[in-house]
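>>> I need the structure of the sequence given here:
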Amino acid sequence: MDKKIKFRNILAAALVAAILASSVISCGDEKAPADTTVSIGETTITQTEPKSTEIPDNLPDDIDFGGRRFRIGYMNPGEYIAASVVLEETGDVVNDAVYKANIKVCERFNIVLEPIELAGNSLDPVKAAVLAGDNAYEVCNGHDLTIANLSLTGIFRDINSLPYLDYEKPWWPSYSVDSITVNGHMMLIANYMSYWILHVTSLFYANKQLMQDYGLEMPYDAVREGRWTLDMLVSQMKDVYEDLNGNGERDDDDRYGWVSPMHCYGLQESFGIAPIKEDQNGVLYIDIACERNMNIINDIISALKNTDGGYVSEVYDTPGEIFIKGNSLYFRSAPILAATTLRESDVEYGIVPVPKYDEIQEEYISGSADRPFAVPITVDNDEFIGVIVEAMSAEGYKTVRLAYFDIALKNKYSYDEDSAEMLDIISNTIVIDFSYLYSDYGGFAWMLMDMLDPKNKNDFASYVAKNEKKAQKRVDKLNEFFAGLAG
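Down below sits the predicted model:
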């Protein structure tokens, strides 16, 4: 089944001449992407399965693991454990949903879930155990780039070698599965085994009162009709500015149309920019320098840096604080904001997906900074691993996801059926992009974030030229690793 995102007729014929003259970067016109990394090409669109708590998994009902422990090592344990394993009910909606999902899995297969806090808040204990040949963990969970980099050391199993994992089920976001699969190999689990995948997925918050005050259309219908595009966002936010403190300076106390930290995780990939792609032979290559990508990057930078309504902060939390005070029309963040800080805010907000670049783009894309899981090579029972991973993922989707919607939306100021519908769209178009996950904090996956830095004066072409050698070196390393898995 071909599950890649489909955009038709969106690549301009001309590449950026200054780059093309000196670079092998091709933006897809020389190599056809294979059925893995999310790309800008002409492939079929996935039809989402019906969203129901009754969607069955394909696991046997007669398996009894005899009380065996399923041990999960957690980096950043305080926040990550609670997203997938809960040992008692507290009355909190999401906590108790995770607990109920865990109980279902434990009782069905006669197991015990055992979360393990990794010493030093790192994955070093997992690496040490594997190198010592110690079967100490069934899976481990960690920071996205940290665990992806560690996967390149060869201490984790190829997830595709495990039984019972059904990628056709909605608890495996198809865009994410495709994106992180290379030459048939997938080293990480990015799915509803934890609600973190939804917790940190990009979306836009809109201040309903400001939309009304400025006579602007809440973009719910625009989302449904495919009109919610970057141009529409910019047209609404570009002139919204008020010097609220009257000091004659643009600062954190003023009102804006769109506020953003320069590190806007998940935004670039939400417009379909995947700098690393895979050809039909399973070989990764850089694909960045085309007119479409240049236009997207330049349009976002221009909106945030060059309009009255745009505001970029070097301090990550500042834009969120501005929105929470009611002083921004739009703010790109994630559901985590609604599930936490916004619940105490007086702002009446609506939720919409990140806009499409244009109406030719057929689907919304929701970039995520998920905290993936990995399976050490020291595990000794593939059936045990496959069954419990699939079961936790299924219950995470069917039980926890809906409870998360409830807590994120049933705020005394925010709940409306439109936002619930929008969040459902977002949750079914999630991608954790291979280019970002394996970027090692560099390469073109960080292009937009780097160029939003107020100190960065580079234009698109010069940025690509400056960074292409480093990016190619990284791709060479990735190709070497994934080619070695075939042996």
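
>>> Distance check, residue 145 against residue 159.
Per C-beta to C-beta, to the nearest Å, residue 145 is found 18 Å from residue 159. In this view, the C-beta of every residue, glycine as well, is placed from N, C-alpha and C.

>>> The two: who's more crowded?
Neighbour count, other C-beta atoms under 10 Å: between residue 145 and residue 159, residue 159 has more, with 25 against 16.

>>> and that one, what does it touch?
Contact analysis of residue 159 by C-beta atoms under 8 Å, 6 or more residues apart in numbering lists 165, 186-189, 375.

>>> Now do the strands in the stretch 201-350 of the chain.
203-207, 241-242, 255-261, 276-278, 284-286, 310-313, 328-333, 349-352 (DSSP state E, counting those that start in this stretch).

>>> Pull the third one out as CSV, backbone CA atoms only.
This points to strand 255-261. Coordinates of each C-alpha in strand 255-261 appear next as CSV, following Å, rounded to 0.1, in the frame of the first residue of the first chain:
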residue,chain,number,x,y,z
ARG,A,255,-0.1,42.8,20.1
TYR,A,256,0.8,40.9,17.0
GLY,A,257,-0.8,38.8,14.3
TRP,A,258,1.6,35.8,14.5
VAL,A,259,4.2,35.2,17.2
SER,A,260,6.8,32.5,17.0
PRO,A,261,10.0,31.3,18.6
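
>>> Name every strand pairing with that strand and say which way it goes.
Paired with strand 255-261 in the same sheet, following DSSP bridges, are strand 241-242 (antiparallel), strand 310-313 (parallel), strand 328-333 (parallel).

>>> residues making contact with the last one?
Contact with strand 328-333 is made by 202-207, 210-211, 214, 216, 233, 236-237, 240, 255-260, 264, 267, 309, 311, 319-320, 322-323, 354, as judged by C-beta under 8 Å, 6+ apart.

>>> With distance to residue 123, mean pLDDT and mean neighbour count added, can I get the strands paired with strand 255-261 in TSV?
Putting those into TSV (distance: least, C-beta to C-beta, whole Å; pLDDT from 0 to 100; neighbours: other C-beta atoms under 10 Å) gives the following:
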stretch	distance to residue 123	mean pLDDT	mean neighbour count
strand 241-242	45	98	14
strand 310-313	31	96	22
strand 328-333	27	97	25
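
>>> buried set for the host helix or strand of residue 106?
Per DSSP states H and E, residue 106 falls inside helix 93-109. Using 16 or more other C-beta atoms under 10 Å as the test for burial, helix 93-109 gives 93-99, 101-102, 104-106, 108-109.

>>> want to try a markdown table for those, with pLDDT as columns?
Putting the buried residues of helix 93-109 into a markdown table (pLDDT from 0 to 100) gives the following:
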| residue | pLDDT |
| --- | --- |
| 93 | 88 |
| 94 | 90 |
| 95 | 93 |
| 96 | 94 |
| 97 | 95 |
| 98 | 97 |
| 99 | 98 |
| 101 | 98 |
| 102 | 98 |
| 104 | 97 |
| 105 | 98 |
| 106 | 98 |
| 108 | 97 |
| 109 | 98 |
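
>>> Farthest pair within the residues you listed?
Within those, two members stand farthest from each other by C-beta to C-beta: 93 and 109, at 25.5 Å.

>>> what does stretch 397-404 contact?
Contacts for stretch 397-404 (C-beta under 8 Å, 6+ apart): 52-55, 93-94, 96-98, 100-101, 104, 169-171, 192, 195, 198-199, 335, 339, 427.

>>> Low-confidence regions, the stretch 151-300 of the chain specifically.
By pLDDT under 70, the stretch 151-300 of the chain has no low-scoring segment.

>>> those helices in it, which residues are they?
174-180, 196-199, 208-213, 220-225, 230-237, 291-305 (DSSP state H, counting those that start in this stretch).

>>> right, so of those, which gets closest to residue 420?
For the helices of the stretch 151-300 of the chain, proximity to residue 420 was assessed by C-beta to C-beta; helix 220-225 is nearest, at 10.8 Å.

>>> what packs against that closest one?
Contacts defined by 3 or more C-beta pairs under 8 Å, 6 or more residues apart in numbering; DSSP states H and E place helix 220-225 against strand 349-352, helix 417-427.

>>> Out of those, which gets the lowest mean score?
Among the helices and strands packed on helix 220-225, helix 417-427 has the lowest mean pLDDT, at a mean of 89.

>>> for that helix, which positions count as buried?
For helix 417-427, burial by neighbour count (16+ other C-beta under 10 Å) applies to 418-419, 422-423, 425-427.

>>> So what sits opposite residue 367 in the bridge?
In beta-bridge terms (that is, DSSP bridges), residue 367 pairs with residue 431.

>>> how near is it to residue 436?
The gap separating residue 367 from residue 436 is 8 Å, by C-beta to C-beta.

>>> How about residue 306?
26 Å.

>>> How about residue 74?
Distance of residue 74 to residue 436, computed by C-beta to C-beta: 22 Å.

>>> just how off-centre is stretch 344-354 within its chain?
Its chain's C-alpha centre and that of stretch 344-354 lie 19 Å apart, by C-alpha atoms, centre = their mean, to the nearest Å.

>>> Run through the residues that contact the residue nearest to the spatial centre of the chain.
Residue closest to the mean C-alpha point of the chain, counted by C-alpha atoms, centre = their mean, is residue 368 at 0.9 Å. Contacts for residue 368 were tallied using C-beta under 8 Å, 6+ apart; they are 176, 190, 197-198, 200-202, 266, 430-432.

>>> out of the residues you listed, who's nearest residue 135?
residue 190 (23.8 Å).

>>> Report how many residues lie close to the closest one.
Neighbourhood size, residue 190 [other C-beta under 10 Å]: 27.

>>> got the contact list for it?
Counting by C-beta under 8 Å, 6+ apart, the residues that residue 190 touches are 173, 176-177, 180, 197, 368, 370, 372, 432.

>>> Among those, name the buried ones.
173, 176-177, 180, 197, 368, 370, 372, 432.

>>> Which single one of the residues you listed is nearest to residue 136?
residue 372 (19.0 Å).

>>> With adjacent residues omitted, what lies nearest to that closest one?
Spatial nearest neighbour of residue 372, chain neighbours left out: residue 188 (3.9 Å); criterion: C-beta to C-beta, 6 or more residues apart in numbering.

>>> looking at it, that neighbour is touching residue 375, isn't it?
No: contact criterion C-beta atoms under 8 Å: residue 188 and residue 375 do not qualify, at 9.2 Å.
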